[in-house]
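*Asks:* Predicted model follows, preceded by the sequence.
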Amino acid sequence: MEDVVKSAIRYGGPAVQDADPVLEIGADSASTLNRIGELANRCRQVLLEMIYLADSGHVGSSLSCVDILSVLKFDQMDWEAMRSRVDSDVFVLSKGHAVPAWYAALIVSGELDRACVSTLRTLDSELQGHPDRNRCDLVDVSTGALGQGLSIGVGRAEAKRLKGQNSYVYCVVGDGEIQEGQVWEALMYAGVRHVSNLVLFVDYNRSQNDGALDEIMSLHPLSEKIESFRWHVQEVDGHSHAALRDAVIAAKNNGTQPSAIIAYTRKGYLGRDRVLLNGAHGGSLTLEEFEQAIEFLRESA
Amino acid sequence: MRATREWFGDALTELVAVRDDVVVVNCDLGSATKTLKVKQKFPDRFFECGIAEANAIGIASGLAQEGYRPFLASFAHFLTGKYLEIFQSIGLNNSGVVLVGTHTGLAIGKDGPTQMGLRDLALMRTLHNMQILHPVDGVETRQMLTYVAANREPAYLRLCRQPQREIHPPDYRFTFGEPDVVRRGNGLALFGMGGTVEVLLDSVAELAADGVDPTVVNVSSLPVNPASARRLFHDHTYAFVVEDHFVKGGISDELARIVLETKETVHFGTWGVGDYGQAGSPADLYARYELDPAGVASRIRAFLGNH
């Protein structure tokens, strides 16, 4: 523990000194995108800090979905810590191992205490290694074993329809996760039943635990497969905030089908063509790797 | 004589009529699990998932998280086969789903072991927040439905296929976790649940000639209140548990743990299904596995003779 504290001091203090009390998303599209960009950069710094301090976690998988989560959390999603998600949008991180990205977004938004940064994966922490709604109120659905989140998302979306509520359910799955059969059961159900208040992101980072996705079990042609399950499918650059934002708006405008947004991402993506740890799935960071990444992000900000 | 799944179907339909929060999730077994009346009367409260239990478990969990009280009914064997999904999407999420597992025990008969709910209790007992309920007759089924509709705990309602006679008077009041004494005797206490309780009661006549006058206990909900079970062990010299379930993992294990932890000195014995089961008529199966009144009486005699 002492080492961790020392390290934290050595790298020059927390990446985010104080969270902005109010997130001001710009009125026009250009300033909105700038703001999302800034916040996403800070999310990357915070999640790296968390995983570095925990000496454990999935860096690559968290970094690949930061831009998706940033567009949702800071702009598109009707989601506030103080409002029950029974009456608003719901966020399901089905690839639960990427949860540092969600915790980081909450810290950057000021909804989660900055001090939590050092508690990831520690005993009795709200910040479990995989999201746990019974330990953290800001987690909507507990996930971890892959393949289950989309089904719960479908159930929540169905419930909102039955209540006549105009809210959306957003779910993020990993590309490797789609190899789980239950995902296809959920895709089949949502397509047939026109669950149009459901938006699915596929974090298509092309890599999974044992190596390249295409070598382990290719999903190709994923877009056609999901379309054939009667979904509205869009393919976007998963690190382009503009493209992600437009895709979410288009998804919400489709009132008859559920929407899948296949977001092509890079594992460990830091920005400006740089990836961390060669895009590895998990693993801890050395102090040097961590410091270089933070420096890169600060320069890119 | 009526199967508890029939009582369940009627009581559930009544419940949906009076409570806006009760919904049904189905996996193409509505005719067998008796939930189709809900579909006919309240189609918007009935979510058909097709033959996809894992997804149905997730959908039910999502509905529960939004404030509904979903009843997800299927064969116990298929439903509890999705253990990882129940563990995470319902257990760890603490989602207030009522899982309804029908066709438990050997009674499904000729369809054989790939359809028999013989290890569902073992799996559901491992989940810390799961309430397990198994009614013995119509009165208890209705009581249990009222009970589960009024709370938000994850629950597993276990139901039988075979018709069962009414054991309780109409004014019976179910209390969760309390072993229910349906016959008072001396010396020996017999424990069972669901369809087995009737078999235990019928074995009493066979045992009378041997001078055995047993107490019969309906263990209709788990976890069992240890203090209540302890009193029963304390008041008897012998305790024998019979279950239409694998002999491992069911109520035998639940009660044995209480005996050991409370240091009661009662002589303890068990009888249940000791292999994967097989196809056959229910009567033939219950006779072969010695889970009919004659078989149970013979097992009880052997147990008493050995102690």
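*Replies:* Everything's here; your move.

*Asks:* so where does the closest residue to B:D292 other than its chain neighbours fall, helix or strand?
*Replies:* Setting aside the residues directly before and after it, B:D292 is nearest to B:Y286 in space (CB to CB, 6 or more residues apart in numbering or on different chains), at 4.2 Å. Bear in mind the C-beta positions are built from the backbone N, C-alpha and C, glycine included. Using DSSP states H and E, B:Y286 sits in helix B:282-288.

*Asks:* which other helices and strands contact that helix?
*Replies:* Judged by 3 or more CB pairs under 8 Å, 6 or more residues apart in numbering or on different chains; DSSP states H and E, helix B:282-288 is in contact with helix B:293-306.

*Asks:* Name the next helix or strand downstream of the helix or strand bottoming out on mean pLDDT in chain A, please.
*Replies:* Counting by mean pLDDT, DSSP states H and E, chain A has its least confident helix or strand at helix A:2-10, which shows a mean of 41. Later in the chain than helix A:2-10, the nearest helix or strand by DSSP H and E is helix A:29-54.

*Asks:* Now do the helix or strand following that following helix, average pLDDT.
*Replies:* Next along the chain after helix A:29-54, taking DSSP H and E as the criterion, comes helix A:59-64. The pLDDT scores in helix A:59-64 average 96.

*Asks:* Mind checking what helix or strand follows helix A:59-64 in sequence?
*Replies:* helix A:66-71.

*Asks:* Sheet partners, orientation included, of the helix or strand just after that next one?
*Replies:* Per DSSP H and E, helix A:66-71 leads on to strand A:90-93 as the next helix or strand towards the C-terminus. Here strand A:90-93 has these sheet partners by DSSP bridges: strand A:169-174 (parallel).

*Asks:* any idea of the angle the next helix or strand along the chain from the strand it pairs with forms with strand A:169-174?
*Replies:* Toward the C-terminus, strand A:169-174 is succeeded by helix A:181-192 as the next helix or strand (DSSP H and E). Here helix A:181-192 runs at an angle of 140 degrees relative to strand A:169-174 (axes from the mean of the first three to the mean of the last three CA atoms, to 10 degrees).

*Asks:* What's the mean pLDDT across the following helix or strand past helix A:181-192?
*Replies:* Following helix A:181-192 in sequence order, the next helix or strand is strand A:198-204 (DSSP H and E). The average of the pLDDT scores along strand A:198-204 is 98.

*Asks:* For the closest residue to B:T80 other than its chain neighbours, list the residues it contacts.
*Replies:* Among residues not flanking B:T80 along the chain, B:D120 sits closest, at 4.1 Å (CB to CB, 6+ apart). With contacts defined as CB atoms under 8 Å, 6 or more residues apart in numbering or on different chains, B:D120 is in contact with B:76-77, B:79-80, B:101, B:104, B:156, B:158, B:245.

*Asks:* Redo the residues you listed as TSV? Include pLDDT.
*Replies:* Converted to TSV, the contacts of B:D120 look like this (pLDDT from 0 to 100):
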residue	pLDDT
B:A76	97
B:H77	97
B:L79	97
B:T80	95
B:G101	97
B:T104	96
B:Y156	98
B:R158	97
B:H245	98
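
*Asks:* ok, these vs chain A, which is closest?
*Replies:* Of all the contacts of B:D120, the one sitting nearest chain A is B:L79; the distance, using CB to the nearest CB, is 14.4 Å.

*Asks:* Run through the bridge partners of the nearest residue to that closest one once chain neighbours are set aside.
*Replies:* Nearest non-adjacent residue to B:L79, counting by CB to CB, 6+ apart: B:G101, 5.1 Å away. Beta-bridge partners recorded for B:G101 (DSSP bridges): B:S74, B:R158.

*Asks:* Wait, B:G101 touches B:F71, no?
*Replies:* No. The pair B:G101 / B:F71 is not scored as a contact, 11.4 Å apart, by CB atoms under 8 Å.

*Asks:* could I get the contacts of B:D120 as a markdown table with distance to B:M116 and secondary structure?
*Replies:* Listed next are the contacts of B:D120 as a markdown table, based on distance: CB to CB, whole Å; DSSP: H, G, I helix; E, B strand; the rest coil:
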| residue | distance to B:M116 | secondary structure |
| --- | --- | --- |
| B:A76 | 9 | helix |
| B:H77 | 6 | helix |
| B:L79 | 13 | helix |
| B:T80 | 12 | coil |
| B:G101 | 11 | strand |
| B:T104 | 8 | strand |
| B:Y156 | 17 | strand |
| B:R158 | 13 | strand |
| B:H245 | 10 | strand |
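
*Asks:* Need the max-distance pair from those.
*Replies:* B:L79 and B:H245 (14.9 Å; CB to CB).

*Asks:* and chain B, which residues reach chain A?
*Replies:* B:23, B:44-45, B:47, B:49-50, B:52, B:54-68, B:70, B:84-85, B:87-89, B:92-94 (CB under 8 Å from any CB of the partner chain).

*Asks:* Buried ones from these, can you make that a PyMOL selection?
*Replies:* Remark: buried members of those, expressed as a PyMOL selection using 16 or more other CB atoms under 10 Å in any protein chain shown:
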select buried, chain B and resi 23+45+47+49+52+54+55+56+57+58+59+60+61+62+63+64+65+66+68+70+85+87+88+89+92+93+94
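
*Asks:* So which of the residues of chain B next to chain A are in helices?
*Replies:* Counting by DSSP state H, these place B:54-65, B:84-85 in helices.

*Asks:* What residues are bridge-paired with B:V241?
*Replies:* Here B:V241, judged by DSSP bridges, has bridge partners B:F191, B:T270.

*Asks:* and the stretch 151-300 of chain A, which residues reach chain B?
*Replies:* So far as CB under 8 Å from any CB goes, the stretch 151-300 of chain A lies against chain B at A:151-160, A:162-163, A:181-182, A:185-186, A:188-189.

*Asks:* Which among these count as buried?
*Replies:* A:151-160, A:162, A:182, A:185-186, A:188-189.
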